[in-house]
Each structure stands twice: as structure tokens, then as C-alpha cells.
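Chemist: Starting from these lines, generate the structure:
(2 chains)
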Amino acid sequence: MSKVETVGRPANFIRNIINDDLANHKHEMVHTRFPPEPNGYLHIGHAKSICLNFGLAEDYQGQCNLRFDDTNPSKEDMEYVDSIKKDVAWLGFEWAGDIRYSSNYFDQFYGYACELIEKGLAYVCFLNAEESREFRGTLREAGKNSPHRDSSPAENLDLFAKMKNGDLKEGECVLRAKIDMTSSFMCLRDPTLYRVRFETHHQTGDKWCIYPMYDFAHCISDAIENITHSLCTLEFQDNRRLYDWVLDNLNDFNKPDRPHQYEFSRLNLEYTVMSKRKLHQLVDDNLVSGWDDPRMPTISGLRRRGYTAAALRDFAERIGISKVDSMTGMDILEAVIRDDLNKIAPRTMAVMDPIKVVIENYEGECESIQAPIHPQNEAMGKREIFFGKELYIDRADFAEVAPNGKYQRLALDKEVRLRNAYIVKAVRADTDAEGNFTTIYCTYDPETLGKNPADGRKVKGVIHFVEASKALPAVFRIYDRLFSVENPVKADDFESVLNTDSLAVKQGFVEPGLANSEAEKAYQFEREGYFCRDNQSGDVQVYNRTVALRDTWGTK
RNA sequence: AGGGCUGUAGCCAAGCGGUAAGGCAUCUGGUUUUGAUCCAGUGUACCGCAGGUUCGAAUCCUGCCAGCCCUGCCA
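Modeler: Numbering: from 1, shown residues only, chains lettered A, B, ... in the order given. Modelled structure (predicted):
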């Protein structure tokens, strides 16, 4: 039955279910939804879910809705709905029709709650929160029935109307489903359906003072929107019994083609945290610069860091979908962004820890050189760089004497190729009082521009540089993992295990061609890594390192 | 004797009774004006463990072990 292959993306258990459902004509199309609560910014775990839901809709020529699950006005805010819309669109997905809100259906929810009351399946309960907890029992012991459990439908209808009209106080009572106080599923022990909240809602204003709970609102919202496959994470597996109970007890939805819930495992990434609560805390405690700090696993943070939507979608595809509790390594995330940027990023040179070089035998001041924008893609054209009497190279690319035979950089009396330019040889170096090199004096071979030495001598090393008089000063932000341990959640206090070196700031120079570089556009600083101009730095040249180049040096 | 799930190489993950895909990482060569890219090659995975059914089991059955989730008027 699961033999209907969908080309393109890898198989997973949800695709198998969909293939079966389509083959059996349980559904004639696929309709999914992405249902975030607007109480925080989206992170890469949400990106996994977005790619799953929208990807399924694309592959099966179905539809995917974007629905804000806004049933709790005390935690939600328009700032979050705006950022979520932006992030989903940025990832490259189009939702079906208008944006939906669970709050669009508040009137219908009220009607369905009344239907349950009329059927004797829901009641208004006056136990307070603490009593309610006591009556619920424990994992090992059955709960006890509420004293209000057997009041009549007429009485409950009246009470529920009073709740709605604001005649009952917040916390005084709730509407509960009448299911089974002895169930081994805690969520079936007469769960709360509605609570009283005198709060202004970002969509419905002050119209309501009762708000539905997730378990009641979500399944009905799915059913109203004709969702076929309602995908969520593993912790909702028990809740599925309640999802089914609600729909099965409502006349409008008790039919074979109603939505069904399936659960997959959420994304855990090494060296970071993925819960909105913890991300909120990092922002509130000023441990990062905001939700879009480039070290954050948020979509806005990754975007500012220089990640592309294509890379994130590739990431989602490569990690797959399953029900296994897993911890994904950073290596996959780094692999996808390198793959993407390697293809599209223009090459440039930047020196982040400059040391001055004087070419002693150079006549004149400086000359222009045409360098490829991408050595493997000629179609990207050329850029103008400069070479002259004074240059900058990176401090790490010079040593007085080569430390070992594998050393391929500049050393006294040793030749090296300056990338895109000439072969130079170091003759001497000045040092300051502390012994740090201040200036390196070299000679260059004028016959080696664009060609190897005519005498056949081999120069293996290549280092990058920028010509001093035309160089643009720039600031570089070098990011590292946010936490110092693989799984910060395991620490007693996750903030205590933050990586104190997650950001290093350097001052140096970039090629003049970068004068008008765009924010969020990727550049490869050759031999260093992929960078992008920060999207909040204004006129100052500030570059965020997206990811370093792969470095197998030392292993070879 | 509470319930719901999950266990396939270092990590992610296909597989659904016919003799273990793929990706990442690793390692080895080759190309290279990026120690990058690219190309070629590279893995004895007691398929959590132990029994059983079968001509044949990662796939079916039984028992066990380990991990995750569930006692919000959060989602």
C-alpha cells in the first residue's frame, strides 16, 4: 500500500500514511497546516515543521494553511504574529488563502461547546485550581468525580452563558469535558475546555472573556479548515485521544474524512536550546542582543547570521522525519549552508587581523587586477582588486620560520602566492617591543601574475591580502556555538553553561569592491569563510561570519 | 503490574518476511592561484537484549532492558 513513491524527497512514515490514505480514498487531497502560537519568534525547529507541512502540500499538490493558534491572550502579541508571517514567507512558502486565526472560530467553538453540554458531555465546574488538581488523582491513582459533574445540561447551558457574559469571576469556574476520571490518559480526566479570562485579545479585542483551551480549539479548527493530516510533535501523543474524542462527539465532524493527528519528533540541535521559554529567557536576561542575535537558533537569527532559506529547506530535508528522540549535530547545519553558499557566494578577500607588508622592489604605488568573482563559475564575471607597494595580510599567515614541513604560508626567505596576484618572498620583518611583527618586507616576482614561474619552481602556498591604500576598514564578528556543552538542557542552570567566547570582534580591511555590499547577501572571504553584511549596522562595514570554510588542515 | 511512544554505523535516517539505501562526519588518493571546492575510493552496523515462529526475521510473536513524554484554568 505504501508503494506509491513520491519523487524528490526522502520517504518517511507520514508520507507512507498519506500514500495509504490517498490510495484508500480516505482523503482525495492533502491539506495541512502550520499552527504557531504567536508567543515568541520562530526557531529552526519550527522551520522543520514548516518545511514538512508546506512541503507535503507542494509535493501532493495540496494546500497548507498558516493558522495562528491564539487561544491564550495573556501570552500572545502582534509583534510575534508579524515576525512569524515574515519568517514563513522568507522561507519561501505560500499559505493557502488568508491567514487564519483560531480566534476566527470563537463563535463556532462556543456553539460546539454548547452541543457537548446538551449531550451531557460537558459541565461547568466550580472546583478551584488546587481542588481540581487534588481531584485529578495521580499517574498511579484514579481521580475523583467533581461534585458538579452531574448537573443538568440546562443548568450547565445557563452557567456557561454566564461565563461568557462575564457574570462569573476569573478562576471561579471552568467548562470541563465529562470523560473519565479514571483514565490512564491524564488528559482524559475531565479536561478543561474553557476558562474565564478578562483580557484584551490581539484579534478579538474585548469581545470575549472566556477562551477555549488548546485541546478543544485545535482539533475543531483543523476540522473547520478541512485539514486532512494534522502534524505535531511527540509530546501531543496522549492528547490525540482527546483530539479524537472531541471530533467524534460533534455531529459536524464525526465522519471518516475528518482530520487525524500524527506526531513526529521535534528537532534538538547540539550546543543550543530550542524551547521558546528558554529563548525568551536569553533575550530577557540580555544574554543575547535579541531574538535575531546571529547566535540564536531563531529563523531571524539565522537569517541575520547569513543562512539562506534554501539551506534551511535543505537542512529539513536532510534530517528527515521520524519518531525517534534525536539530537542533531551542528555538522549537518554547517554542511547545508556551505553547500549553498559555495555555489552562490561571490569571492572576495578580507584581512581580519592585519599586518602590513611592504613590497620593496615594487615601482609606483598600485595597479588594478581583474580577479574572478567565482573561480568555478566564469559566468559570474570579474571584479577589480588592487596590488601595490603596501598591502595587508593576516597575522596568522606569517611566521619567521616555518614550524614544520607542511607549512604553506609566508616565512622569511620563503615564497608564497598572493591570491589573484603575484608570488612574493619575505626578506625581513620589524617587530615591536613585545616582539610582535609590525611590518614584513618582501620582494615580488613581476613575471608571476596569472602564471607560474617560468623557471619551473613550485610555489604551493597561497595567502590572501588587500592593497593598503584602497582597503576599506571593516569590523568582523566571529560567531561560535552559543553553549559550551552539547545538551544545555541537561545542565542545572542552562545559562551557566553559555559559551563565553561565542562572539569575537575583529578589526581589519576588506576589498574596495565591498563598499556597497548588501545586508544578508553572502560573500566568501577567501580562505576564511562565508560572511554577510550585518542587517543592522548602517554605514559601518560590519560583517557577520556565517560559517568558516571546511578545515581539514592538520588531519592531512 | 499506571499509560503513551521510541531503540538500524559517531550523528540523522530508509527499510514493513527474501538476506542492511542515502546524507553528514571520518579516512585514503587525484585535481586545484582558497590547506576550500570538485572527483574517485573508504564502514564486519551481534538492526537494544534474550527466546520463539519460519526454508528464510531488522521486519511476525513473547519476555526483558534503556531513553523520552503525560498529574496547566499553557501550547
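Chemist: can you tell me the helix or strand for the residue lying closest to residue A:56 once chain neighbours are set aside?
Modeler: Distance criterion C-beta to C-beta, 6 or more residues apart in numbering; nearest residue to residue A:56, sequence neighbours excluded, is residue A:32 at 5.4 Å. C-beta: built from backbone N, CA, C; applies to glycine. Using DSSP states H and E, residue A:32 sits in strand A:31-34.
Chemist: And that strand, what does it pack against?
Modeler: helix A:44-59, strand A:63-68, strand A:229-233 (3 or more C-beta pairs under 8 Å, 6 or more residues apart in numbering; DSSP states H and E).
Chemist: any chance you could map the helices in the stretch 301-450 of chain A?
Modeler: Applying DSSP state H, counting those that start in this stretch to the stretch 301-450 of chain A gives helices spanning A:309-319, A:330-344.
Chemist: Check the stretch 101-250 of chain A too.
Modeler: Along the stretch 101-250 of chain A, counting by DSSP H, counting those that start in this stretch, helices occupy A:106-118, A:129-136, A:153-165, A:214-224, A:239-248.
Chemist: of all those helices, which lies closest to residue A:85?
Modeler: Of all the helices of the stretch 101-250 of chain A, helix A:214-224 sits nearest to residue A:85, with 17.9 Å by C-beta to C-beta.
Chemist: RNA strand B contacts on the stretch 1-150 of chain A?
Modeler: A:2, A:10-13, A:16, A:37, A:69, A:71-72, A:75, A:127-129, A:132-133, A:136-140 (C-beta under 7 Å from any atom of the strand).
Chemist: Please list only the buried members of the residues you listed.
Modeler: Buried members of those, scored by 16 or more other C-beta atoms under 10 Å, are A:12, A:37, A:69, A:71, A:72, A:127, A:132, A:136, A:137.
Chemist: Could you work out the most separated pair of the residues you listed?
Modeler: The widest separation within those (C-beta to C-beta) is 43.1 Å, between A:12 and A:127.
Chemist: quick revisit: what does the strand holding residue A:32 rub up against?
Modeler: The contact list for strand A:31-34 (C-beta atoms under 8 Å, 6 or more residues apart in numbering) reads A:46, A:49-50, A:53-54, A:56-57, A:62-67, A:88, A:95-96, A:100, A:222, A:225-231.
Chemist: roughly how far apart are the residue with the largest distance to the centre of chain A and RNA strand B?
Modeler: Computed with C-alpha atoms, centre = their mean, the maximum C-alpha offset from the centroid of chain A is found at residue A:455, amounting to 53.5 Å. Taking C-beta to the nearest atom of the strand, to the nearest Å as the measure, residue A:455 falls 15 Å from RNA strand B.
Chemist: just residue A:84 next, same as before
Modeler: Noted for residue A:84: a distance of 13 Å to RNA strand B, by C-beta to the nearest atom of the strand.
Chemist: Let me see the contact set for that residue.
Modeler: For residue A:84, the contact set (C-beta under 8 Å, 6+ apart) comprises A:36, A:38, A:41, A:42, A:68.
Chemist: Make sure the first one is indeed in a helix.
Modeler: Read that as residue A:36. No - the assignment for residue A:36, made by DSSP: H, G, I helix; E, B strand; the rest coil, is coil rather than a helix.
Chemist: Which helix or which strand is home to the closest residue in space to it that isn't next to it in sequence?
Modeler: The spatially closest residue to residue A:36, leaving aside those adjacent along the chain, is residue A:84, at 5.4 Å (C-beta to C-beta, 6+ apart). Residue A:84 is part of helix A:78-90 when elements are defined by DSSP H and E.
Chemist: Could you check the angle that helix makes with helix A:44-59?
Modeler: Counting by axes from the mean of the first three to the mean of the last three C-alpha atoms, to 10 degrees, helix A:78-90 lies at 50 degrees to helix A:44-59.
Chemist: Which of the residues in helix A:78-90 are classified as buried?
Modeler: Using 16+ other C-beta under 10 Å as the test for burial, helix A:78-90 gives A:80, A:81, A:83, A:84, A:85, A:87, A:88.
Chemist: same deal with stretch A:465-479?
Modeler: By neighbour count on 16+ other C-beta under 10 Å, the buried set for stretch A:465-479 is A:465-468, A:470-472, A:474-479.
Chemist: what's the answer for stretch A:112-125, then?
Modeler: So, applying 16+ other C-beta under 10 Å, buried residues of stretch A:112-125: A:112, A:113, A:114, A:116, A:117, A:121, A:122, A:123, A:124, A:125.
Chemist: Looks like the last one contacts residue A:149 (just checking).
Modeler: So the one you mean is residue A:125. Yes - contact status for residue A:125 versus residue A:149: in contact at 7.4 Å, counting by C-beta atoms under 8 Å.
Chemist: re the thing from before, highest average neighbour count across the helices of the stretch 101-250 of chain A?
Modeler: Among those, helix A:214-224 has the highest mean neighbour count (mean count of other C-beta atoms under 10 Å), at a mean of 24.
Chemist: contacts for that helix?
Modeler: Contacts of helix A:214-224 with the rest of the structure, by C-beta under 8 Å, 6+ apart, involve A:33, A:35, A:67, A:69, A:71, A:100, A:102, A:105, A:108-109, A:112-113, A:177, A:187, A:191, A:193-194, A:230, A:239, A:242-244, A:246-247, A:250, A:252-253, A:258-259, A:261.
Chemist: and if you look at stretch A:511-518?
Modeler: By C-beta under 8 Å, 6+ apart, stretch A:511-518 touches A:348-350, A:383-386, A:466, A:470-472, A:474, A:523, A:533, A:541.
Chemist: Let me see the confidence value for residue A:221.
Modeler: Residue A:221 carries a pLDDT value of 98.
Chemist: now the one 4 residues further on
Modeler: Residue A:225 carries a pLDDT score of 98 in this model.
Chemist: measure it to RNA strand B for me?
Modeler: 15 Å.
Chemist: The residue lying closest to that residue once chain neighbours are set aside: neighbour count?
Modeler: Nearest residue to residue A:225, sequence neighbours excluded (C-beta to C-beta, 6+ apart): residue A:65, at 5.6 Å. Number of residues near residue A:65 (other C-beta atoms under 10 Å) recorded here: 23.
Chemist: I'm done for today, thanks for sticking with me.
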